[in-house]
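Student: fold the following.
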Amino acid sequence: MADGETAPSEAVAEVVSAVRDGIMQGRYAPGQRLPEADLVSLYQASRGTVRTALAQLENEGIVQRERNRGARVRPISLEEAVEITETRAVVEGLCAAKAAERATEEDRARLRELGDRMRAAVEGGDIPTYSRTNQLVHRAVREISAHQTAGLMLDRLRTQSVRYHFSVALLPGRPAVGLREHLDVIEAVCSGDPERAERTMRTHLLSVVGALRELATIQSRW
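Tutor: Got it, this is the predicted structure:
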């Protein structure tokens, strides 16, 4: 495809998703440059597709683009991470309520299996696996909810703040707290009670807000 042509939407979506996943999984760090040529080679996409994908990620607040300097992963402040998590509490609360209404037996088994994996990770002191499973629980609830508008919002919000949530997982005692809260969310969704599920998810994410504020206090002493 020539640079002046319109990039196919599916190809753009694939690159957007791949870059988001790279940020979520720690392959792209805050402030890291994202050279177009590297992305073209890595994702086997045209330059026009990559440029369109980076423009979309910029609109979502995930990437910054500077004239003659290219694109980079946008760093966010701890204060912004708090605001993002407060917003997630509302949106993911809605997803949890919808998931409670729609969950099948297969969905409930999937959630409980994730809970078992998270418990094993915490008991084994495996923080990276705990953190990844944490993300998988939230993604599963979102997917079960089948709420597309909320899902699109959460793709952006979670990608922006992921670095701080891994830092929160390193706070003393936080994995045990997070495990208990996630197991509560799982059981609330599996109960089929949408009000309970929404309340439990909101409580969990507001607890994360508290942990982020604790992190800010610790960092202010450095």
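Student: ranges for the strands of the chain?
Tutor: Secondary structure of the chain by DSSP state E: the strands cover 63-66, 70-73.
Student: so for Q148, which of these sits nearest?
Tutor: Evaluated over those, closeness to Q148 peaks at strand 63-66, with 22.8 Å, by C-beta to C-beta. No exception for glycine: its C-beta is placed from N, CA and C like everyone else's.
Student: partner strands of the closest one, parallel or antiparallel?
Tutor: strand 70-73 (antiparallel) (DSSP bridges).
Student: about what we covered before: right, and the strands of the chain - which one's nearest V137?
Tutor: Closest to V137 of the strands of the chain, according to C-beta to C-beta: strand 70-73, at 24.5 Å.
Student: tell me who's in contact with the residue positioned nearest the centre of the chain.
Tutor: A centroid search over the chain (C-alpha atoms, centre = their mean) returns R158, at 3.0 Å, as the residue closest to the centre. Residues counted as contacts of R158 (C-beta atoms under 8 Å, 6 or more residues apart in numbering) are M24, R88, Q135, H138.
Student: need the longest helix for the chain.
Tutor: Ranked by residue count, the top helix of the chain under DSSP state H comes out as helix 194-220.
Student: number of residues surrounding L54?
Tutor: For L54, the count of nearby residues is 23 (other C-beta atoms under 10 Å).
Student: wait, it touches R65, no?
Tutor: Yes: L54 lies in contact with R65 (C-beta atoms under 8 Å); the separation is 6.2 Å.
Student: overlap of the contact sets of these two?
Tutor: Residues within reach of L54 and of R65 at once, by C-beta under 8 Å, 6+ apart, are A71.
Student: rewinding a little: list buried residues within the contacts of R158.
Tutor: Buried by 16 or more other C-beta atoms under 10 Å: M24, R88, H138, out of the contacts of R158.
Student: could I get those as TSV with distance to T203 and pLDDT?
Tutor: Below are those laid out as TSV (distance: C-beta to C-beta, whole Å; pLDDT from 0 to 100):
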residue	distance to T203	pLDDT
M24	24	78
R88	13	96
H138	14	96
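Student: okay, these in a markdown table with distance to P128 next?
Tutor: As requested, the buried ones among the contacts of R158 are exported to a markdown table (distance: C-beta to C-beta, whole Å):
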| residue | distance to P128 |
| --- | --- |
| M24 | 13 |
| R88 | 22 |
| H138 | 16 |
